[in-house]
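Undergrad: here is a sequence with its predicted model. Questions after.
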Amino acid sequence: MIRKCGDADFEAIFEIVNDASAAYKGVIPADCWREPYMPREELKQEIEAGVSFWGYEEKEGLIAVMGIQDKRDVTLIRHAYVRTGKRNQGVGTRLLRSLESMTEKPALVGTWAAATWAIEFYKKNGYRLLPEAEKNRLLRKYWTVPERQIETSVVLASAKWTNLMR
């Protein structure tokens, strides 16, 4: 079942994000890695900044989370994570489709350039990689991330972006 996460889900979101992000360790630049990957205070700040988390729940509880954030003329898909033991079962795709159905705006996703599995996931779901200059512009316009992260990230766009922004 897909449902909106509430305050009571904070610890589960924290656990899922930090469990799943372990895949980045040794893959993303070492100067961008930290433990925990997303500290509680940062997660709290993301929620306060308007990231609304949705979760995929099974009988044992939340197994995946994905955030959606309205940013003027676009929607950002943020912090998409599936528990390590629950990957490759279609959960991420179901969450992504659910979030996409909540907006008429084009969706953008930022991820690490070295996270090839994440890039392939979004490509498989109809997103396309944007050129370097456009990626840099969009990361500065819609996200609040350090320059080092901009240098080492990519942005993918939904088909709505492709169709509306040409």
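TA: Arrived safely.

Undergrad: Met66 sits in which helix or strand?
TA: strand 61-71 (DSSP states H and E).

Undergrad: and that strand, C-alpha only, in PDB?
TA: Extracted as PDB, the C-alpha positions of strand 61-71 are listed here (Å, rounded to 0.1, in the frame of the first residue of the first chain):
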ATOM      1  CA  GLY A  61       5.900  -1.700   7.900                       C
ATOM      2  CA  LEU A  62       7.400   0.900   5.600                       C
ATOM      3  CA  ILE A  63       9.800  -0.700   3.100                       C
ATOM      4  CA  ALA A  64      10.400   2.300   0.800                       C
ATOM      5  CA  VAL A  65      10.000   6.100   0.700                       C
ATOM      6  CA  MET A  66      10.000   8.800  -1.900                       C
ATOM      7  CA  GLY A  67       9.600  12.500  -1.600                       C
ATOM      8  CA  ILE A  68       7.800  15.000  -3.700                       C
ATOM      9  CA  GLN A  69       8.500  18.700  -3.600                       C
ATOM     10  CA  ASP A  70       6.700  21.500  -5.400                       C
ATOM     11  CA  LYS A  71       9.100  24.100  -6.800                       C
END
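
Undergrad: also compute the angle for the helix or strand following that strand relative to strand 61-71, please.
TA: Next along the chain after strand 61-71, taking DSSP H and E as the criterion, comes strand 74-82. Per axes from the mean of the first three to the mean of the last three C-alpha atoms, to 10 degrees, the angle that strand 74-82 makes with strand 61-71 is 160 degrees.

Undergrad: hmm, back to that, now do the buried residues in the strand holding Met66.
TA: By neighbour count on 16 or more other C-beta atoms under 10 Å, the buried set for strand 61-71 is 62-69. Yep, even glycine has a C-beta here, placed from its N, CA and C like the rest.

Undergrad: what segments of this protein are strands?
TA: Per DSSP state E, the chain carries strands over the ranges 2-4, 52-58, 61-71, 74-82, 107-112, 128-129, 153-157.
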